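1. Please find the sequence and the predicted model below.
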Amino acid sequence: MIYHNHHIVPRHAGGTDEASNIVGCDIIEHAEHHKYRYDMLGEVQDYIAWKALTGQISGAQANIMATKAANTGKKQSALAKQRQILAQTGLRRTQKQRIACSVRQGKEWIVTTPDGEETTVIDLKKYCIAHGLDQGNMMRTVSGK
């Protein structure tokens, strides 16, 4: 049988990881502890824990629900919302998003052509495609490898 460490006073309610605040229980008892706390106190974190422990929702769904609960009432920027959606769905970023990310991270390169002309490049992949260059070799070159 697998035993869980259940916080008597959960961390979301200010509980600590001290031994006096932890009790060993099996998964069914652990779920029941959270269901009882939810029924008595109405704390959404206990509801989420109960649903996850009983297999009614996945760990990923529990994380999403907990994040939404923690952010309730907080304003999010459009960019933050978009990042959250991307993280949850696993979708690839668009070219525009990758460029914006590169700009935010300060990733721009100054490329010197064989003619001695200097060009500032933000999207290295697009630059390589446009100039018939191998992106892997270019990345190694700009990384100093």
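-> Thanks, I have the structure now.
2. Can you show me the strands along this structure?
-> Secondary structure of the chain by DSSP state E: the strands cover 3-7, 22-26, 109-112, 118-121.
3. Report the helix or strand with the lowest average pLDDT across the protein.
-> helix 95-104 (a mean of 61; mean pLDDT, DSSP states H and E).
4. Any idea which of the strands of the chain has the lowest pLDDT on average?
-> If those are sorted by mean pLDDT, strand 109-112 sits at the bottom with a mean of 77.
5. Who are the contact partners of Lys35?
-> Under the criterion of Cβ atoms under 8 Å, 6 or more residues apart in numbering, the contact partners of Lys35 comprise 46, 50. Heads up, the C-betas are built off the backbone N, CA and C, glycines and all.
6. Begin at 15, not 1, for the rest of this chat.
-> Happy to do that; since the first residue is 15 now, the last one works out to Lys49.
7. on that earlier part again, kindly reformat the strands of the chain as JSON lines and extend each row with mean neighbour count and distance to His48.
-> Conversion of these to JSON lines gives the following (neighbours: other Cβ atoms under 10 Å; distance: least, Cβ to Cβ, whole Å):
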{"stretch": "strand 17-21", "mean neighbour count": "15", "distance to His48": "8"}
{"stretch": "strand 36-40", "mean neighbour count": "14", "distance to His48": "11"}
{"stretch": "strand 123-126", "mean neighbour count": "13", "distance to His48": "51"}
{"stretch": "strand 132-135", "mean neighbour count": "12", "distance to His48": "53"}
